[in-house]
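Engineer: need a 3D model of the sequence below.
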Amino acid sequence: MVKNDKYQMGHTASYYYKSKDPSTVFFTTIPFGMTAPEQWGWFYYGNGMKYMEKVYNKYNIMAFPGGATGNQMGGWFKKPINSLKDFKGLKMRIPGLAGEVMSKLGVKVTNIAPGKLYNALKSGRIDALEWVGPGMDISMGFQKIAKYYYTGWHEPATSLSYFINKKEWDKLPLYLKAILKDAMKANAFDMYVQNYDMNARAWKKIKTQYPQIQIRTFSRTILGAMKKADDEVLAEYASKDPIFKQILQDQRKYLKMVREWTKMSDFLYLKSNMYNQE
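Structural biologist: From the prediction side, this is the model:
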């Protein structure tokens, strides 16, 4: 709609257009990739914005970071996943590259309209699904049906994007472009903080009202298989698309640098202070 002059501006997740251009996934998130703060560093102070412009320029679109949900949960499951065998034949709603990873592990991946997910899970049409996190999941009611809530691996950043029709953008004077850029940047930060607060409040409510919910993390064996499958998926796309390969290499280079600080600051701080938490 933005590309074809129907709308001047839009706001959505870039990876929804993976089938049109696989490189769009990098501007939302990829499995085992960067967290939201790491990705924002790549966007604003690395090469992220440069690659975003390169990918979307051919579609007559100016694209900018548009907020993030942060690390998403790995999904709601009716039965526990104790081994890779438990994935065989499992029917799950999970989109994007993560869906391709799960398919390699034997999952029957399906995409269902959001409004039909609750009934699909309840009726047994699907056995599991991932949505976002407690803040958005609670209103969908999944906690009433599925007992096992797995921690994330597939969408560690989940950034959204603003799309602006390039012709309309070019009409704006410089001062309005500057105002719009600052407004989008401020709103992107607010969305991330809002989601953080929503998730914390919603999880507190779920724990109180649905004490049967169990938080689980996939085993190291399962996560290792996921990582191997993910590397294969990324390599397949990179072998066919030079721009995809360039962005993948650039993200990996930036992640290698920035993750050292993430470990030193956030991870080791949390690890060292766990004993002080109630």
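Engineer: so Met73 is in contact with Trp153, correct?
Structural biologist: No: using Cβ atoms under 8 Å, Met73 is not in contact with Trp153, being 9.8 Å away. Using the backbone N, CA and C atoms, a C-beta is placed for each residue, glycine as well.
Engineer: put the alpha carbons of stretch 73-82 into PDB.
Structural biologist: Provided in PDB are the C-alpha atoms of stretch 73-82 (Å, rounded to 0.1, in the frame of the first residue of the first chain):
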ATOM      1  CA  MET A  73       8.700 -16.100  24.300                       C
ATOM      2  CA  GLY A  74       9.200 -19.400  22.600                       C
ATOM      3  CA  GLY A  75       5.600 -20.400  22.700                       C
ATOM      4  CA  TRP A  76       2.700 -22.100  24.400                       C
ATOM      5  CA  PHE A  77       2.700 -25.900  24.300                       C
ATOM      6  CA  LYS A  78       0.000 -28.300  25.500                       C
ATOM      7  CA  LYS A  79       2.600 -31.000  26.200                       C
ATOM      8  CA  PRO A  80       6.200 -30.600  27.400                       C
ATOM      9  CA  ILE A  81       9.000 -30.800  24.900                       C
ATOM     10  CA  ASN A  82      11.500 -33.200  26.500                       C
END
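Engineer: got the contact list for it?
Structural biologist: 86-87, 92, 94, 121, 127-134, 137, 142-143, 145-154, 214, 216, 218-219, 222 (Cβ atoms under 8 Å, 6 or more residues apart in numbering).
Engineer: 6 Å - rerun?
Structural biologist: Stretch 73-82 has contacts (Cβ atoms under 6 Å, 6 or more residues apart in numbering) with 127-130, 133, 142, 146, 148-153.
Engineer: any of these buried? List them.
Structural biologist: 127-130, 133, 142, 146, 148-150, 152-153 (16 or more other Cβ atoms under 10 Å).
Engineer: which pair in these spans the largest distance?
Structural biologist: Asp127 and Gly133 (20.2 Å; Cβ to Cβ).
Engineer: show me where the protein has its strands.
Structural biologist: Per DSSP state E, the chain carries strands over the ranges 9-12, 61-68, 75-77, 91-93, 108-110, 128-129, 148-150, 159-165, 214-216.
Engineer: mind listing what the fifth one pairs with, with the direction of each?
Structural biologist: This points to strand 108-110. Sheet pairing of strand 108-110 (DSSP bridges) gives strand 91-93 (parallel).
Engineer: the shortest one too?
Structural biologist: Using DSSP bridges, the strands paired with strand 128-129 are strand 75-77 (antiparallel), strand 91-93 (parallel).
Engineer: buried ones in stretch 30-42?
Structural biologist: 30-42.
Engineer: quick check: mean pLDDT of that stretch?
Structural biologist: Throughout stretch 30-42, pLDDT has a mean value of 98.
Engineer: again with stretch 150-164
Structural biologist: Rounded mean pLDDT across stretch 150-164 is 97.
Engineer: what's the first-to-last distance across it?
Structural biologist: 36 Å (Cα to Cα, to the nearest Å).
Engineer: just name the most buried of the strands paired with strand 128-129.
Structural biologist: Of all the strands paired with strand 128-129, strand 75-77 carries the top mean neighbour count, a mean of 25, counting by mean count of other Cβ atoms under 10 Å.
Engineer: now it: mean pLDDT?
Structural biologist: On average, strand 75-77 scores 98.
Engineer: repeat for stretch 113-132
Structural biologist: Taken as a whole, stretch 113-132 has a mean pLDDT of 96.
Engineer: buried residues in that stretch, which are they?
Structural biologist: 117, 120-121, 126-132.
Engineer: try stretch 184-199
Structural biologist: Within stretch 184-199, the residues scored as buried using 16+ other Cβ under 10 Å are 184-185, 188, 191-192, 195-196, 198-199.
Engineer: just these: which are in helices?
Structural biologist: Within these, residues falling in helices by DSSP state H are 184-185, 188, 191-192, 195-196, 198-199.
Engineer: picking that back up, now for the strands of the chain, which one comes closest to Ile243?
Structural biologist: Short answer: strand 61-68, nearest of the strands of the chain by Cβ to Cβ, at 14.2 Å.
Engineer: off-centre distance for the closest one?
Structural biologist: In this view, strand 61-68 has its centroid 14 Å away from the chain centroid, taken as Cα atoms, centre = their mean, to the nearest Å.
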